[in-house]
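>>> pasted the sequence and its predicted model underneath.
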Amino acid sequence: QVQLVESGGGLVQAGGSLRLSCAASGRTFSNYVLGWFRQAPGKEREFVSVIRWNGGITYYADSVKGRFTISRDNAKTTVYLQMNSLKPEDTAVYYCAAGYILLATPGSYDYWGQGTQVTVSS
């Protein structure tokens, strides 16, 4: 049973930083991609970033490129999302997801965490 547990969300002022963590367990993730998505109230879930566990290839949404950094810790089986220069429009519930194919569509991911709230005040 795959489990993804996010942590690290919170309230931060615009321009501030947060680091989200996604602890993955339940199987070997070497063939997986781990992605971050977010969903703001009244909006669809959108892609933020993804990393291929084996090789570390990364991709970012244009809206976060240059501000967010995704990384992984093989020993801890944890994926991180370092978020800098946060803006009010980054406010959303952030979800970690695991899948096999490196795509930006939520439907291509098989496993999801419960989400963590990020609120950026102006």
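Arrived safely, thanks for sending.

>>> in stretch 53-70, what's buried?
By neighbour count with 16 or more other CB atoms under 10 Å, stretch 53-70 contains the buried residues 53, 59, 60, 61, 64, 68, 70. Quick note: C-beta positions are derived from backbone N, CA and C, even for glycine.

>>> likewise stretch 18-33?
Using 16+ other CB under 10 Å as the test for burial, stretch 18-33 gives 18, 20, 21, 22, 23, 24, 29, 32, 33.

>>> again, but for stretch 78-94
Counting neighbours by 16+ other CB under 10 Å, one finds that the buried residues in stretch 78-94 are 78, 79, 80, 81, 83, 86, 90, 91, 92, 93, 94.

>>> mind listing the strands the helix or strand where the fourth one lies pairs with, and their directions?
The reference is to residue 81. If you go by DSSP states H and E, residue 81 is part of strand 78-83. Strand 78-83 has the following strand partners under DSSP bridges: strand 18-25 (antiparallel), strand 68-73 (antiparallel).

>>> surely residue 6 and residue 96 touch.
Yes - contact criterion CB atoms under 8 Å: residue 6 and residue 96 qualify, at 5.0 Å.

>>> overlap in contacts of these two?
With contacts defined as CB atoms under 8 Å, 6 or more residues apart in numbering, the residues adjacent to both residue 6 and residue 96 are 20, 22, 113.

>>> now, which of those sits nearest residue 1?
residue 113 (13.3 Å; CB to CB).

>>> the closest one reaches residue 4, doesn't it?
Yes - counting by CB under 8 Å, residue 113 touches residue 4, with 3.7 Å between them.

>>> and the residue most central in space within the chain, which of the three is it?
Geometric centre of the chain, nearest residue: residue 36, 2.4 Å, by CA atoms, centre = their mean. Of the three states, residue 36 takes strand according to DSSP: H, G, I helix; E, B strand; the rest coil.

>>> in the sheet, which residues pair with residue 37? Tell me.
Going by DSSP bridges, residue 37 forms beta bridges with residue 47, residue 95.

>>> give the contact list for it.
By CB under 8 Å, 6+ apart, the contact set of residue 37 is 45, 46, 47, 48, 94, 95, 97, 106, 109.
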